[in-house]
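**Q** the following block contains a protein sequence and its predicted model.
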Amino acid sequence: MRFLLKYLRPYIKECVLAPLFKLLEATLDLFVPLVMTRIIDEGIAKEDTSFILLMGGLLLGFAIVGVVIAITAQYFAAKAAIYFQTDVKHALFEHIVHMSAESKNKLGSETLITRMTGDMNQVASCVNWSLRLMLRSPLIVFGAMVMAFIIDFRCALIFAVLIPILSVIVFLCLRISIPLYKNVQKRLDKVLLHTRENLAGVRVIRAFLRQDKEKKAFEDENIELQKEQLHVGRISSLMNPLTLLTVNAAMMLLIYVGGVRVNIGELTQGQVVALINYMSQILIELIKMADVIILVNKSLASADRIKEIFEIGDEDNHKEGHRDEKDTDESDAPVLECKDMSFSYPGSRESALEDINISVNRGETLGIIGGTGSGKTTLLSLFLGYYKASRGVLDIFDRDSKEWAQDALRKRVGYVHQRSVLFSGTIRDNLLWGDESASDEKMWEALRIAQADEFVSQKDGLDTVVEAGGKNFSGGQRQRLCIARALVRNADIYVLDDAFSALDTATEAKLRVQLSDHVKKLKATLVIVSQRISSVKNADGILVLDDGKQVGYGTHDELMSSCEVYREIERIGGDAS
């Protein structure tokens, strides 16, 4: 939690004023029983109506001032908590966006979502409650005990015994329940993971008629979560009845002792009523304090989970990029070069890629082909800096890939993912992802090269609305818009990961011609991953992968004479799948 407190520093004024106003409210509450004492002992006993009205007016004044003070304290506490939550979420989101793929895989997207939402809300609530009650409740408890000693020493001894007993009850309940709350959060992660998988694969579930089984599995996860919550809930629920029982027993003793002392004239009725009121205040504040302590401890667990994300840093982004070095840009060295490069995913014993050797120069086209699971997308992830080579050498622009900051590298790359991802907004908004300063002419040129200008012009042009995920476009249209988005950026490397899969043969042929001319004009390097030989046939070099191994590298004609896997792909119709 201490790690996150730095985000409260800009709001130190609110963090001081909120508890300060709460202390003023608590002070007023402590004076109320004394006023009641005077009303009973002087006003009611002497039937002095004017005095009763005067003291009643004073109580009303206390109430009005107390409400104003409470609202003011709540305003400052809420302001600090909300702004604190906003700042932490912004920092957390920025950190997650820049995290490496390895770091994200280590945690999992479901727990990242839980920590950004549920855990973050928990911490913000803790800040709000703490600012309002962390000082108020102890002041009321000890203030009420001091007031009780001022009224009567013997009766106050009941308070002195009561408070330690209540503290032990609260401590034991908290000690048992807090670890259980952590287990509840972990169980919640599992439910969210199951939910996310079902939502992502809802069509597959329906296609295989797995609805009933998935419902049953989801119900089982929820039942386990319910059991955890009920278990910790039962333990936590013991605190209120135990504290009420203890306080009510103490109150009965107080009434008895007070009644005896009133009969012998050592106490007045008003003083006994005041002592009972102070006892009630202690009960209420101890319950509040217990709730705050539970919330604080739950929030500490949530804060640790949030801190864990920040601690899993993206060290690559702290390295200096080499974009401005002229020797890098003007060198005749290969743009992409692999020398006996191998890669294994973290925690895996087997290599996803093994002994890759390729060399691609500026202005050349590299084709990558292979069956499903052969390692094509993994190799692209290495080119994009998502992962680092486990063994061997991967040089990008004559620099070891491990020396590149991810941001600096990706500024030089135009990337089209194998899944056509569009964002809600307009076509213009999506194309500007490639280059925020791009003109309309540049965007239309990119659309023309991507064979997307025709259907875009038939709609509302660049201002055509794009629904979430691009659902208002066909698969082929989404692919062409994604290609156009990459082309808007004047990149040094264009990487197309199976970007022609949804296109018909004629459209793909036109696009490849336009794309080749555009790349040669920019003297850029083009990397095409495909499962169709027609997409990579004209590449300067074609890398053939099979189960993560390089089984061929050369031109189309060379591979037809030397690579059995490549000939097999050609024989079954030019499709690697």
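**A** That came in fine, so what should we check first?
**Q** number of nearby residues for I69?
**A** 19 (other CB atoms under 10 Å). From N, CA and C alone the C-beta is placed, and that goes for glycine too.
**Q** with the one 10 residues further on instead?
**A** Other residues within reach of K79, judged by other CB under 10 Å, total 18.
**Q** how about V168?
**A** 11.
**Q** for whichever strand or helix holds it, name the packing helices and strands.
**A** In the assignment (DSSP states H and E), V168 maps to helix 153-200. Secondary-structure packing of helix 153-200 (3 or more CB pairs under 8 Å, 6 or more residues apart in numbering; DSSP states H and E): helix 109-114, helix 136-151, helix 211-237, helix 239-263, helix 269-311.
**Q** tell me the angle of that helix relative to helix 211-237?
**A** 170 degrees (axes from the mean of the first three to the mean of the last three CA atoms, to 10 degrees).
**Q** export whichever helix or strand comes after helix 153-200 to CSV, keeping only CA atoms.
**A** As assigned by DSSP H and E, the chain's next helix or strand after helix 153-200 is helix 202-207. Taking Å, rounded to 0.1, in the frame of the first residue of the first chain, the C-alpha atoms of helix 202-207 are listed here in CSV:
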residue,chain,number,x,y,z
VAL,A,202,-19.1,-18.6,-27.6
ARG,A,203,-19.4,-19.6,-31.3
VAL,A,204,-17.2,-22.6,-30.8
ILE,A,205,-19.2,-23.6,-27.7
ARG,A,206,-22.4,-23.5,-29.7
ALA,A,207,-20.9,-25.3,-32.6
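**Q** my read: S374 touches D547, true?
**A** Yes. Assessed by CB atoms under 8 Å, S374 is found in contact with D547 at 6.2 Å.
**Q** neighbour count winner among those two?
**A** For S374 versus D547, neighbours defined as other CB under 10 Å are more numerous around S374 (23 against 15).
**Q** quick check on K537: phi, psi?
**A** phi -60, psi -40 (degrees, to the nearest 10).
**Q** check contacts around the closest residue to it other than its chain neighbours.
**A** Excluding the flanking residues, the one nearest K537 by CB to CB, 6 or more residues apart in numbering is H556, at 5.0 Å. Listed by CB atoms under 8 Å, 6 or more residues apart in numbering, the contact set of H556 reads I533, V536, K537, N538, A539, I542.
**Q** so E14 sits in a strand?
**A** No. Looking at E14 with DSSP: H, G, I helix; E, B strand; the rest coil, it is helix, so not inside a strand.
**Q** distance of the closest residue to it other than its chain neighbours from V67?
**A** Closest residue in space to E14, ignoring its immediate chain neighbours: A80 at 3.9 Å, by CB to CB, 6+ apart. When distance is defined by CB to CB, to the nearest Å, A80 is 21 Å away from V67.
**Q** what score does D329 have for pLDDT?
**A** According to the prediction, D329 has pLDDT 52.
**Q** same question but for E110, I mixed them up
**A** 68.
**Q** for R567, see how far away the residue nearest to K537 is.
**A** When H556 is compared with R567 (using CB to CB), they lie 11 Å apart.
**Q** residues contacting the residue nearest to G259 when sequence neighbours are not counted?
**A** Once flanking residues are discounted, G259 sits nearest to V272: 7.2 Å by CB to CB, 6+ apart. The contact partners of V272, taken as CB under 8 Å, 6+ apart, are L254, I255, G258, G259, R261, V262.
**Q** right, and the third one touches T268 too?
**A** Yep, that's G258 we're talking about. No. Between G258 and T268 there is no contact under CB under 8 Å: 9.8 Å.
**Q** shaky segments in the chain?
**A** Counting by pLDDT under 70, the ranges of the chain that qualify are 1, 101-102, 105-106, 110, 313-331, 573-577.
**Q** which residue sits closest to the residue nearest to the spatial centre of it, ignoring its sequence neighbours?
**A** Per CA atoms, centre = their mean, the C-alpha nearest to the average position across the chain is that of M116, at 2.7 Å. Nearest residue to M116 in three dimensions, chain neighbours excluded: L92, at 5.9 Å (CB to CB, 6+ apart).
**Q** what do you get for G370?
**A** Nearest non-adjacent residue to G370 (CB to CB, 6+ apart): L545, at 3.5 Å.
**Q** okay, the one you found and L380: tell me how far apart.
**A** Taking CB to CB, one finds L545 at 11 Å from L380.
**Q** between those two, which one's more packed in?
**A** More neighbours surround L545 than the other of L545 and L380, with 26 against 20 (other CB under 10 Å).
**Q** for S420, grab phi and psi.
**A** The phi/psi pair for S420 (degrees, to the nearest 10) is phi -80, psi 100.
**Q** which ones are touching it?
**A** Contacts of S420 (CB under 8 Å, 6+ apart): G470, G475, R478, Q479, L481, C482, A502.
**Q** if we go to 7 Å?
**A** With CB atoms under 7 Å, 6 or more residues apart in numbering as the criterion, the residues that contact S420 are G470, G475, R478, Q479, C482.
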